[in-house]
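Enquirer: test case, fold it:
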Amino acid sequence: MAVSKLDAKIIKQAFISGANRLSNNKEYINELNVFPVPDGDTGTNMTLTIMAAAAEVKELENPTVDLLAKAISNGSLRGARGNSGVILSQLFRGFCREMKGRDYLDIDDLDAGFTHAVETAYKAVMKPKEGTILTVARGMSDRADELVGTEDDIISFLEQIVEHGKKVLAKTPEMLPVLKEAGVVDSGGQGLIEVMEGFLLGIKGTPVALEGGDQPQTLQKGAGILSELPGTKPSGSSRDDISTADIKYGYCTEFIILLDKELTDKQVEDIKNYLLSIGDSLVCVADEEIVKIHVHTNHPGKAFEKGLEYGQLTRCKVDNMREEHRELLHMEGAESTGSTESTQDTESEKQKYGIIAVAAGDGISEIFKEIGASYVIEGGQTMNPSTDDIISAISSVNAETIYLLPNNKNIILASNQAAQLIKDKKVYVVQSKTIPQGIGAVLGFNPEAEAEDNYSAMSVAMEDIRSGEVTFAVRDTSVDGKEIHKNNIMGISDNGIDAVGTEVGEVTEKLIETLVDEDSGLISIYFGEDVTEEDAEKLGEALEEKYPDLDVDVKYGGQPIYYYILSVE
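Expert: Next comes the predicted model:
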């Protein structure tokens, strides 16, 4: 029987089916990554992104097409992780714009949705590359255009689009030589095909179930966790010196407004002013479709009523902070443990500038703190923070202007996306792709300079820094003309894989040889959690002997996955 239109019930089922299929195949997609590094990139990031949207969709008991569009768009936008996740969220965002105000979707609507999806995703990427998820998406959109007017069955329409997408995916190695050398197709494109396959099965009435149960998808321990540094919350004091009477506003209240229509700047300001009149510790982030609210108040109901003036509410949450404080005191007294960090919120004076860095490893986080970072988001390879994690960090820093350092090329798009959603602060995303670049950028910051001048100076400060990383291979492959076997040690520079071997120290020295030139003056070594201080010091001594005219600085980084992070300047 032909299907001529999709109602909200079918769209919901199909979207969740697509999300489940992607999740079930995420490890296979991870294995398609060109570099055989243990970073679990594409499949994991795309899955976490779509599962954030699926969680929003599942909450809609009586969905309409319009509500589904908002849930998919906003959930994926804020849950987006990594470049592949951000691109996927932009594809959804573009498609969902075509769903607005519809009672159902027909073939013409689907075709228009594909067109807007591709346009939106291409605009989100500074320098789009062909042979990627973008190419596969565009190929399917082009096929949809060709089929309009010749098909009246949505199932047949989508089957032909997916088959064409597979053909485009198979050609991606011819478009990107690095894919051909590694013997893989584009991993992001494969992920998109999995979503479309699952979506199609959902429409056919055989939706894909989530393997291992319907459990929320999470990153590894530490992912997206905000580390408070001096100047954000007081530490080193016991909570027993804080009376519940000192908690002026007792209820931590959070909710999201699904807007009936986009708010004006004045309406956003009115919401903020009202909530500040009944509370404090306000975080209010708005875009054209939702407003996310966090406020401490004695009247949660009044906060909810204000939100209802502008749309429907979701993710409503109220915590009694006084009760939680009493319970915490009781537990601490029973355990008689040492001092812990206070949960009391403080209203610090607003600063002119704030710096936020993304970093993995307690040693590297401390380094960023020592040189002036206001906040560190724990993340990096294997644990890219989401757009929402970054928004929360920006909202937590009480400053007029924020400099955001992704320190990883796979976090830049999510950082840009977060910066665009912040309306009450100026956010500069410094395009740091490595930890050493981020450190150099912070050192280039001048608190007395103008905002734009600082951004330029921080960007310039990164230019003369050469970065390197030493890790292990997770599979056999060939990259940059080098045969690599599972468990080989790899030395990776800004240019690619420069050294391969079986000994960590030997590969590290070979990598440094490629980084050092006649203008070099300093080698910085940050050793990871799997390297002993003794081994790191021995490496430093060997380098001092090999390069007597250069300074060698060995520091504890504590980063996972990478034995060493290197910097030469």
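Enquirer: may I have stretch 285-301 exported as PDB, CA atoms only?
Expert: Extracted in PDB, the C-alpha atoms of stretch 285-301 (Å, rounded to 0.1, in the frame of the first residue of the first chain):
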ATOM      1  CA  VAL A 285      19.800  31.500  26.900                       C
ATOM      2  CA  ALA A 286      17.500  32.200  23.900                       C
ATOM      3  CA  ASP A 287      17.400  31.300  20.300                       C
ATOM      4  CA  GLU A 288      14.700  31.600  17.700                       C
ATOM      5  CA  GLU A 289      12.900  28.400  18.900                       C
ATOM      6  CA  ILE A 290      13.600  27.900  22.600                       C
ATOM      7  CA  VAL A 291      14.600  29.700  25.800                       C
ATOM      8  CA  LYS A 292      16.600  27.800  28.400                       C
ATOM      9  CA  ILE A 293      16.100  29.100  32.000                       C
ATOM     10  CA  HIS A 294      18.000  28.400  35.300                       C
ATOM     11  CA  VAL A 295      17.100  30.600  38.300                       C
ATOM     12  CA  HIS A 296      17.100  30.400  42.100                       C
ATOM     13  CA  THR A 297      13.800  31.600  43.500                       C
ATOM     14  CA  ASN A 298      11.400  31.100  46.400                       C
ATOM     15  CA  HIS A 299       8.500  31.000  43.900                       C
ATOM     16  CA  PRO A 300       9.100  28.300  41.100                       C
ATOM     17  CA  GLY A 301       5.500  28.600  40.100                       C
END
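Enquirer: residues in contact with it: which ones?
Expert: Applying C-beta atoms under 8 Å, 6 or more residues apart in numbering, the contact partners of stretch 285-301 are 70, 73-74, 77-78, 248-259, 262-263, 268, 271, 275, 278-284, 303, 307, 310, 318, 321, 345, 391, 395, 421-423. For the C-beta atoms, the positions are set from N, CA and C on the backbone; glycine is no exception.
Enquirer: buried subset of the residues you listed, written for ChimeraX?
Expert: Restricted to buried positions by 16 or more other C-beta atoms under 10 Å, the ChimeraX selection for those reads:
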select :70,73,74,77,78,249,250,251,252,253,254,255,256,257,258,259,263,268,271,275,278,279,281,282,283,284,303,307,310,321,345,391,395,421,422
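Enquirer: tell me which of the contacts of stretch 285-301 fall in strands.
Expert: 251-259, 279-284, 318 (DSSP state E).
Enquirer: hey, which helix is longest across this protein?
Expert: Counting by DSSP state H, the longest helix found in the chain is helix 154-175.
Enquirer: average model confidence for it?
Expert: On average, the pLDDT along helix 154-175 is 95.
Enquirer: packing partners for that helix?
Expert: Judged by 3 or more C-beta pairs under 8 Å, 6 or more residues apart in numbering; DSSP states H and E, the packing partners of helix 154-175 are helix 107-124, helix 133-147, helix 177-182, helix 187-203.
Enquirer: out of these, which is the most enclosed?
Expert: Per residue and on average, the most neighbours among those fall to helix 187-203, with a mean of 24 (mean count of other C-beta atoms under 10 Å).
Enquirer: next, the angle from it to helix 154-175.
Expert: Per axes from the mean of the first three to the mean of the last three C-alpha atoms, to 10 degrees, the angle that helix 187-203 makes with helix 154-175 is 170 degrees.
Enquirer: helices and strands around helix 187-203, which ones?
Expert: By 3+ C-beta pairs under 8 Å, 6+ apart, helix 187-203 packs against helix 8-24, helix 26-30, helix 42-58, helix 82-99, helix 133-147, helix 154-175.
Enquirer: repeat that with 6 Å
Expert: Other helices and strands packing on helix 187-203, by 3 or more C-beta pairs under 6 Å, 6 or more residues apart in numbering; DSSP states H and E, are helix 8-24, helix 26-30, helix 42-58, helix 133-147, helix 154-175.
Enquirer: so what's Glu569 scoring on pLDDT?
Expert: 91.
Enquirer: offset the numbering so it begins at 474, please.
Expert: OK, 474 is where the count begins now, so the last one is Glu1042.
Enquirer: excluding chain neighbours, what is closest to it?
Expert: Nearest residue to Glu1042, sequence neighbours excluded (C-beta to C-beta, 6 or more residues apart in numbering): Ile938, at 4.9 Å.
Enquirer: related to what we said a few turns ago, which of the helices and strands packed on helix 660-676 sits closest to Ile962?
Expert: In terms of C-beta to C-beta, the element of the helices and strands packed on helix 660-676 nearest to Ile962 is helix 499-503, at 20.4 Å.
Enquirer: packing partners for the closest one?
Expert: In this structure, helix 499-503 makes packing contacts with helix 515-531, helix 660-676, judged by 3+ C-beta pairs under 6 Å, 6+ apart.
Enquirer: kindly provide the distance from Glu618 to Asp1008.
Expert: I think there's a mix-up here, since residue 618 is Asp and not Glu. 59 Å (C-beta to C-beta, to the nearest Å).
Enquirer: tell me the buried residues in stretch 963-975?
Expert: By 16+ other C-beta under 10 Å, the buried positions in stretch 963-975 come out as 963-967, 970-974.
Enquirer: now do it: distance from first to last residue.
Expert: End-to-end span of stretch 963-975 (C-alpha to C-alpha, to the nearest Å): 9 Å.
Enquirer: got a list of contacts for that stretch?
Expert: 940-944, 946, 952-953, 955, 957, 961-962, 980, 983-984, 987 (C-beta atoms under 6 Å, 6 or more residues apart in numbering).
Enquirer: ok, stretch 478-485 next?
Expert: 530, 536-538, 541, 577-579.
Enquirer: would you show me how to pick out the buried ones of those in ChimeraX?
Expert: Buried residues within those, by 16+ other C-beta under 10 Å, are selected in ChimeraX with:
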select :530,536,537,538,541,578
